[in-house]
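>>> Kindly return the folded structure for what I paste below:
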Amino acid sequence: MNARLIYAFLPCVLLAAGCASPDRGTVPEVICGVRSDPGLTRLIVAPGSEWREYNRVDREQAITAPCSVLSGKKVILDLGFSWRPTAADLMYLARNTGNVTGVTAPRAVDSRYDTVVGTDGAISQAPCQTKTGNYFTLTLQLPQIKLADQTHRNDIEKFMRVYFPATVGTLGCRR
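Numbers count the residues shown, from 1 in each chain. A predicted model of the protein is given here:
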C-alpha cells in the first residue's frame, strides 16, 4: 500500500475511532470461580471500574457459603452456593426465606435444570453428589435492581442458563 493511500484513509479511521462508543467500564470475566461471559454479565450488572469479590465458597468441602461481587462499596451481585441431601422446593425458597434466597415475583422456567427466575434474581438446582449432599442449589440475587423494576427477568434467565451449568461443571459432582 502506498503512502498516499494510507494518508487518504487515515482521517476516516481516526473519525471512526472517535465515534466509537466510550469505554463503559468493565464487568468481571470470572465470577466466584466460574468463567462468565462479559456480555451476559453486562445485562444484569452495570459496568464499573473497581471490582472486588468476597468469596467463602469451598468447592472441595461442599459447604454452603456466599460469594458477593462488589463494585466500589456496593454489593451488585450475591451468589449463594448450597449443597443439600435432598432436592429443595425452589418456589418455597424464592418466596418464603427472606434475604438469603428470596427472589421477587419468581416464575419457574423451562430449563435443563430446575430453575426459578424473578425480577431481581434466580435459583437453580441440579443433582450433584458430593460428600455433603446430593443436590447443588445456586441462588443469584441482584440487590441493585429495584423491587418494582420488571425489565431484567429475561436477562437474568439468559445469564443463569449459561452461568449455572458452568458452575456445576466446577463442582466435581459424582453421578
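
>>> Stretch 86-95: how far from the chain's middle?
Taking the mean of its C-alpha atoms, stretch 86-95 sits 19 Å from the chain's own mean (CA atoms, centre = their mean, to the nearest Å).

>>> next one: stretch 125-138
19 Å.

>>> For Tyr92, which three-state class applies?
Using DSSP: H, G, I helix; E, B strand; the rest coil, the structure places Tyr92 in helix.

>>> and it, what is it in contact with?
By CB atoms under 8 Å, 6 or more residues apart in numbering, the contact set of Tyr92 is empty. Every residue, glycine included, has its C-beta placed from N, CA and C.

>>> tell me what the host helix or strand of Tyr135 is packed against?
Using DSSP states H and E, Tyr135 maps to strand 133-141. The helices and strands touching strand 133-141, judged by 3 or more CB pairs under 8 Å, 6 or more residues apart in numbering; DSSP states H and E, are strand 74-84, helix 90-96, strand 121-130, helix 153-168.

>>> how about 7 Å then?
Using 3 or more CB pairs under 7 Å, 6 or more residues apart in numbering; DSSP states H and E, the elements in contact with strand 133-141 are strand 74-84, strand 121-130, helix 153-168.

>>> Convert the C-alpha atoms of it to CSV, please.
Coordinates of each C-alpha in strand 133-141 appear next as CSV, following Å, rounded to 0.1, in the frame of the first residue of the first chain:
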residue,chain,number,x,y,z
GLY,A,133,-25.1,-33.7,49.7
ASN,A,134,-26.9,-35.0,46.6
TYR,A,135,-28.1,-31.7,45.2
PHE,A,136,-26.5,-28.3,44.5
THR,A,137,-28.5,-25.1,44.6
LEU,A,138,-27.3,-21.8,43.4
THR,A,139,-29.1,-18.5,44.4
LEU,A,140,-28.5,-15.3,42.4
GLN,A,141,-29.6,-12.0,43.9
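
>>> orientation of it relative to strand 121-130 in degrees?
160 degrees (axes from the mean of the first three to the mean of the last three CA atoms, to 10 degrees).

>>> Now strand 133-141: buried residues?
Residues Gly133, Tyr135, Phe136, Thr137, Leu138, Thr139, Leu140, Gln141 are the ones in strand 133-141 that count as buried (16 or more other CB atoms under 10 Å).

>>> I'd like the average pLDDT over it.
Strand 133-141 carries an average pLDDT of 94.

>>> Equivalent analysis for stretch 95-103, please.
Per-residue scores along stretch 95-103 average to 73.

>>> Equivalent analysis for stretch 72-84, please.
The model assigns stretch 72-84 a mean pLDDT of 91.
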